[in-house]
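Undergrad: Need the 3D shape of this:
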Amino acid sequence: MADLTVALAWTGEALKFRGSRDGRPGILIDSDGAAGPSPVESLVLALASCMAVDVLDISQKMRVPITGLSVAVEAD
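TA: This is a model prediction of the structure:
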């Protein structure tokens with residue numbers, strides 16, 4: 001059985017989709033990025049957030065105080 005299952009449904013409007021995991025808040029993905037992040041932007045944001053979570057988790061385990069964190073990712 002899969003550890004993670006998500007659902008993506010077309011909103012019926014242009015190329016906009018609502019994605020979510022059961023019982024969790026969803027996100028709007030918009031192909032042109034006007035109403036929400038585009039699919040590519042969503043992928044890059046996922047990568048950036050995974051890295052940020054790792055940095056904070058490791059820092060907390062090492063008891064290194066963090067007062068802020070920003071991540072910038074460039075993609076082509």
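Undergrad: Go ahead and confirm Val6 touches Arg24.
TA: No. Between Val6 and Arg24 no contact is recorded; they are 9.0 Å apart, counting by Cβ atoms under 8 Å. In short, each C-beta sits where N, CA and C put it, glycine included.
Undergrad: Pick out whichever of those two has more residues nearby.
TA: Val6 (11 against 8; other Cβ atoms under 10 Å).
Undergrad: And the pLDDT for the more buried one?
TA: Note on Val6: pLDDT of 95.
Undergrad: For it, name its beta-bridge partners.
TA: Beta bridges link Val6 to Arg21, judged by DSSP bridges.
Undergrad: Now do the same contact list for it.
TA: Residues counted as contacts of Val6 (Cβ atoms under 8 Å, 6 or more residues apart in numbering) are Gly19, Ser20, Arg21.
Undergrad: Find me the pLDDT at the second one, would you?
TA: Looking back up the chat, that one is Ser20. Ser20 carries a pLDDT value of 96.
Undergrad: Report back the residue of the chain that's furthest from centre.
TA: Arg63 (26.3 Å; Cα atoms, centre = their mean).
Undergrad: so which strand or helix has it?
TA: Under the criterion DSSP states H and E, no helix or strand holds Arg63.
Undergrad: just the helices in the protein please.
TA: 39-61 (DSSP state H).
Undergrad: Quick check, central residue of it?
TA: Nearest to the chain centroid, counting by Cα atoms, centre = their mean: Ala46, 3.8 Å.
Undergrad: and that residue, how far is that from Gln60?
TA: 21 Å (Cβ to Cβ, to the nearest Å).
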